[in-house]
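# based on what follows, work out the 3D shape:
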Amino acid sequence: MKHHNAAALLPAALLQELQGYVQGGYLYVPAKGTARKAWGEVSGYRQELDRRNEAIREARRRGTSLEALAQAYHLSVSAIRKIVYQK
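Residues are numbered from 1 along each chain as shown. Sure thing, here's the model as predicted:
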């Protein structure tokens, strides 16, 4: 998330109104409902995790133990179990 200086973006009247609520702090302004991106959508990390999780499930189907998967992917056995049984 990129930070912006409100004084550079907002009209003076709106800036003064906001300063009545927040001064010198950070204010999160959420995107409008349809413009909001899901977690990891912008960076591509969500797709990367989906590919990793599918590889884990495939390895498990081929008979790899939960313990071996946990060691290979540097995750706990509990985390591997959640990935394997989520679908």
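# distance of the residue located most distally from the centre of the chain from Gln19?
The outermost residue of the chain, judged by C-alpha distance from the chain's mean C-alpha position using CA atoms, centre = their mean, is Ala13 at 34.6 Å. Distance check for Ala13 against Gln19: by CB to CB, to the nearest Å, it reads 11 Å. The C-beta positions use only the backbone N, C-alpha and C, and glycine is treated the same way.
# can you tell me the closest non-neighbouring residue to the residue nearest the centre of the chain?
With the centre of the chain defined as its mean C-alpha position, the nearest residue by CA atoms, centre = their mean is Trp39, 3.6 Å away. Spatially, and ignoring its direct neighbours in sequence, Trp39 is nearest to Arg46 (6.4 Å; CB to CB, 6 or more residues apart in numbering).
# give me every residue that touches the one you found.
Arg46 sits next to 38-40 when contact means CB atoms under 8 Å, 6 or more residues apart in numbering.
# any idea how far it lies from Lys37?
Look at Arg46 and Lys37: by CB to CB, they are 10 Å apart.
# nearest spatial neighbour of Asn53, chain-adjacent residues omitted?
Using CB to CB, 6+ apart and skipping residues adjacent in sequence, the residue nearest Asn53 is Ile83, 4.8 Å away.
# coming back round to it: which element is the residue farthest from the centre of the chain on?
Using DSSP states H and E, Ala13 maps to helix 12-19.
# which parts of the longest helix along the chain are buried?
The longest helix of the chain (DSSP state H) is helix 45-61. Within helix 45-61, the residues that qualify as buried are 53, 56-57, 59-60, counting by 16 or more other CB atoms under 10 Å.
# low pLDDT regions in the chain?
1, 35-36, 87 (pLDDT under 70).
# I appreciate the help and will end here.
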